[in-house]
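Participant: just need the structure, nothing else, for what follows:
(chains A, B, C and D)
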2 protein chains.
Amino acid sequence: MSTVNILIADDHPIFLKGLKEVVEAGHHLQVIYQAANGQDAIQGVATKLVDVVILDIDMPVKNGLQAAVEILQLKPEMPVILLTMHKAKDAFLKALDIGVMGYVLKENAVVDVMYAIEAVLRGHSYISPEMTSFLLAQKRSRQPVMDNVTTLLTSSEIKILKMVGEYKSTKEIADELYISEKTVSNHRMNITKKLQLTGKNSLLRFAIEWKQ
Amino acid sequence: MSTVNILIADDHPIFLKGLKEVVEAGHHLQVIYQAANGQDAIQGVATKLVDVVILDIDMPVKNGLQAAVEILQLKPEMPVILLTMHKAKDAFLKALDIGVMGYVLKENAVVDVMYAIEAVLRGHSYISPEMTSFLLAQKRSRQPVMDNVTTLLTSSEIKILKMVGEYKSTKEIADELYISEKTVSNHRMNITKKLQLTGKNSLLRFAIEWKQ
DNA sequence: TGGAATATAGGTAGTACTGCCCATCTGCGG
DNA sequence: CCGCAGATGGGCAGTACTACCTATATTCCA
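Facilitator: Modelled structure (predicted):
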């Protein structure tokens, strides 16, 4: 197995030094570039042969998210691992959108950074388990609403609500169920009344977000 | 700290025995019920004072997912941890929908089960890091479409597309941007033409699914 | 058995988006 | 300087959903 060249970036010299030691505890891993800010890291990626990039999010000049965006524009296949101290949801979602391969909390850094490097080298991604909590939380939060719906609405209404959520028109639903468009229309109105929805596309909106 | 009562379920006696030992290595953790299938596990939850439930997914009579559904109907606040051998995406997504608190791969069981129990006792959730890969993959896969859109559309059109995706009406968009409804309408039409969308709500549908 | 809930279907009016036409103004590049 | 793309605006016909009526048949529960 050949040596893996790693770029690390953090504005705190002491943390950077510690990170370097943690990384190089992996026998075939070598830190070939140490950047003190995001701009510096981009330079490093552009000029050196880098296999994996590890960026702290909180950095001056250019933060880790901005740097990640530009690095992935430069080299879309580059595995980028982000480090952060806080579990901020915004930054995490942004990181997902950017398309980074790893997201590691500093509190778990010693163990998780090694896991993350191994994962991205195998083509997988890695997220500190603590960060996944809110993904579950999102799913869970809609549960009570769903229960209200299933108790409030009749089975026919639920059937139609589902089809609305599949972007089917009143006519399409009527054809599919062999009933009049008028009947479907009435069901729609009864649903909107029961759920106290108003306005154009309000039912469609609810149906989409419901997605039982 | 008082003792935590744990229910474990797996149809393989040997694995069950091993799991019990792993769990009880935690000093204040105690296995009070060992089930051999899903139905058995539900019985255990109904009759014993259980603090945490750990279910294998692949079980006869009733699998772990079905059992989790019924257990959470019985006791919605019960922390449920699922164990599985495979990284199947379907089962994982279903687990998210059901609202379990943990999802652990058997290959990492010894370490991850302990992490998961600690996490759910603190009210957090825990997912084996390997399972998060495809969450990232999903985000990443939509990138090319996004790029098409951003190159095809002008900045004004993108701005309006975003607002459409927020369920704003033509009038609301017009008011917010201080332009005529007609202008917004024309932009909408230009977008649908460029993206070759047809039919009612086609633009809304695309805008929602796009979600840059 | 009588009433409530539900599914069925029709009428009518208003509103909003689509789809196609048009014109004007601005800025940018050949 | 001319042409083109883009942003701005308007008109008009068609279609679809909303919102409010009414009415009948069926089913189920008190």
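Participant: wait, what's in contact with A:Met78?
Facilitator: The contact partners of A:Met78, by Cβ atoms under 8 Å, 6 or more residues apart in numbering or on different chains, come to A:Val45, A:Val50, A:Val52, A:Val53, A:Ile71, A:Leu72. Yep, even glycine has a C-beta here, placed from its N, CA and C like the rest.
Participant: and of these, the nearest to DNA strand D?
Facilitator: Set against DNA strand D, the nearest of the contacts of A:Met78 by Cβ to the nearest atom of the strand is A:Leu72 (25.5 Å).
Participant: can you show me the strands along chain A?
Facilitator: Applying DSSP state E to chain A gives strands spanning A:4-9, A:29-35, A:52-56, A:80-84, A:102-105, A:126-127.
Participant: look up how far B:Glu176 lies from the residue sitting nearest the centre point of chain A.
Facilitator: Central residue of chain A (Cα atoms, centre = their mean): A:Leu96, 3.5 Å from the mean position. Between A:Leu96 and B:Glu176 the computed distance is 28 Å (Cβ to Cβ, to the nearest Å).
Participant: could I get the full set of helices for chain A?
Facilitator: With DSSP state H, the ranges of helices along chain A come out as A:13-24, A:38-47, A:64-74, A:89-98, A:109-121, A:133-141, A:143-152, A:155-165, A:170-177, A:181-194, A:202-210.
Participant: check whether the shortest one contacts DNA strand D.
Facilitator: This means helix A:170-177. Yes: contact between helix A:170-177 and DNA strand D, assessed by Cβ under 7 Å from any atom of the strand, occurs at A:Thr170, A:Lys171.
Participant: identify the residues contacting that helix?
Facilitator: Residues from elsewhere that reach helix A:170-177, judged by Cβ under 8 Å, 6+ apart: A:Lys159, A:Ile160, A:Met163, A:Val164, A:Lys168, A:Ser180, A:Glu181, A:Thr183, A:Val184, A:Ser185, A:Arg188.
Participant: would you list those residues in TSV and tack on neighbour count and pLDDT?
Facilitator: Below are the contacts of helix A:170-177 laid out as TSV (neighbours: other Cβ atoms under 10 Å in any protein chain shown; pLDDT from 0 to 100):
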residue	neighbour count	pLDDT
A:Lys159	15	86
A:Ile160	26	88
A:Met163	18	87
A:Val164	23	88
A:Lys168	18	88
A:Ser180	11	88
A:Glu181	14	87
A:Thr183	15	92
A:Val184	24	90
A:Ser185	14	89
A:Arg188	20	89
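Participant: may I see the residues you listed organised as JSON lines, with distance to A:Arg205 added?
Facilitator: Formatted as JSON lines, the contacts of helix A:170-177 follow (distance: Cβ to Cβ, whole Å):
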{"residue": "A:Lys159", "distance to A:Arg205": "19"}
{"residue": "A:Ile160", "distance to A:Arg205": "15"}
{"residue": "A:Met163", "distance to A:Arg205": "15"}
{"residue": "A:Val164", "distance to A:Arg205": "10"}
{"residue": "A:Lys168", "distance to A:Arg205": "15"}
{"residue": "A:Ser180", "distance to A:Arg205": "25"}
{"residue": "A:Glu181", "distance to A:Arg205": "21"}
{"residue": "A:Thr183", "distance to A:Arg205": "22"}
{"residue": "A:Val184", "distance to A:Arg205": "18"}
{"residue": "A:Ser185", "distance to A:Arg205": "18"}
{"residue": "A:Arg188", "distance to A:Arg205": "13"}
